[in-house]
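1. below are the sequence and a predicted model; questions follow.
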Amino acid sequence: MLECSSYRARAANPLRMNPDLEKLVRLHHAEADLKRVEAELAEIPRKKSALEETLARDRSRLDAARAALDGSQKARKQHEAQVQDLEGKRSKYKGQLMDVKTNKEYTAMLHEIEGVEREIRLREDQILAEMERGEGLSAEVKAEEEAFKEAEGRSREGGRALDERARELEAERARVAAERDAVAATIAADPLELFQRVARLRGVAVAEARDGMCQVCHLKLRLQMYAEIKHNEEIQQCPACNRILYYVPPPAATAIEP
């Protein structure tokens, strides 16, 4: 992509170029544009998946808060049921006090009643603790519900933006592919076969020669070869990576008025 930008920015002052070489360079940039579009398009599903994963994490926090509140409410109800059972047991023991025959039995029954009352106080303390905990958990659930609602909105908006971008990229891919095919159709068989062979081997078939070297593999070119490449009169390949080399002259200097 950087090479494409460099080529277009510096091509304002081009030398004459061998027609086949010029078409190969155009095909190269069309291929680069197509790869760029396809790479961005391939990222869309990953980005949508990332949105879904983020929303799922937000949902899990809300579910955890709700589960904690539900657990607290169930614990409170369990303690309340136990208090009712203990109160029933206390009433039963108090009723039995009238039937005891000896002081020893009376004292023992009072101890039973005291034990039940201690258990009742313990359960009541636990009920109060769960009530306080429940208040905090209720506030946490409310905050998580609001946060999740906002997260859902962001996720929907992000999904719509990605869908729109995908439609734009699909249209751009069709356009760039058509341009690439149109350029390829104008290239003679031998240069096209060379381009395709190098592309299969190297991924990129064409490279700019600049500053005396191949800008892809960075081989330092022989001075004579570099001088010939700068004329763009013949199709020449890098001795190291076999890519087809071309030269883009720097833009003409603009005179600065005093």
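-> Perfect, I can see it now. All values reported here derive from a predicted model rather than from experimental measurement.
2. would you mind listing where the stretch 1-150 of the chain has pLDDT under the threshold?
-> By pLDDT under 70, the low-scoring segments of the stretch 1-150 of the chain are 1-15.
3. show me where it has helices.
-> Using DSSP state H, counting those that start in this stretch, the helices of the stretch 1-150 of the chain run over residues 2-10, 19-96, 103-185.
4. and the angle for the second one with helix 103-185?
-> Helix 19-96 and helix 103-185 are oriented at 170 degrees to each other (axes from the mean of the first three to the mean of the last three CA atoms, to 10 degrees).
5. distance from helix 19-96 to the middle of the chain?
-> In this view, helix 19-96 has its centroid 15 Å away from the chain centroid, taken as CA atoms, centre = their mean, to the nearest Å.
6. now for it, which elements pack on it?
-> Applying 3 or more CB pairs under 8 Å, 6 or more residues apart in numbering; DSSP states H and E, one finds that helix 19-96 makes contact with helix 2-10, helix 103-185, helix 189-202, strand 206-210, strand 244-246. Every C-beta, even on glycine, is put in place using the N, C-alpha and C of the backbone.
7. where does pLDDT dip in the stretch 151-258 of the chain?
-> 252-258.
8. next, Pro249: secondary structure please.
-> When classified by DSSP: H, G, I helix; E, B strand; the rest coil, Pro249 comes out as coil.
9. for it, phi and psi?
-> Dihedral angles of Pro249 (phi, psi; degrees, to the nearest 10) stand at phi -70, psi 150.
10. same check, this time on Cys217
-> Here Cys217 shows phi and psi, under degrees, to the nearest 10, equal to phi -100, psi -10.
11. roughly how far does it sit from Val248?
-> 18 Å (CB to CB, to the nearest Å).
12. next, format the helices of the stretch 1-150 of the chain as JSON lines and append mean neighbour count and distance to Pro239.
-> Output for those, formatted as JSON lines (neighbours: other CB atoms under 10 Å; distance: least, CB to CB, whole Å):
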{"stretch": "helix 2-10", "mean neighbour count": "13", "distance to Pro239": "20"}
{"stretch": "helix 19-96", "mean neighbour count": "16", "distance to Pro239": "17"}
{"stretch": "helix 103-185", "mean neighbour count": "14", "distance to Pro239": "26"}
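13. save those as TSV, and put in distance to Gln236 too.
-> Formatted as TSV, these follow (distance: least, CB to CB, whole Å):
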stretch	distance to Gln236
helix 2-10	17
helix 19-96	9
helix 103-185	20
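14. the ones you listed: which one's closest to Arg197?
-> helix 19-96 (12.3 Å; CB to CB).
15. the closest one versus helix 189-202: what angle between them?
-> On the basis of the same axes, to 10 degrees, helix 19-96 is oriented at 30 degrees to helix 189-202.
16. got the domain ranges for this protein?
-> Here the domain parsing of the chain from automatic domain parsing is 2-39+187-246, 43-181.
17. of Cys217 and Val248, which one has the most company?
-> Neighbours were counted for Cys217 and for Val248 using other CB atoms under 10 Å; Val248 has more, 23 against 14.
18. thought that one was touching Arg210?
-> Yes: Val248 lies in contact with Arg210 (CB atoms under 8 Å); the separation is 7.4 Å.
19. Gln78 versus Gly115, what's the distance?
-> 20 Å.
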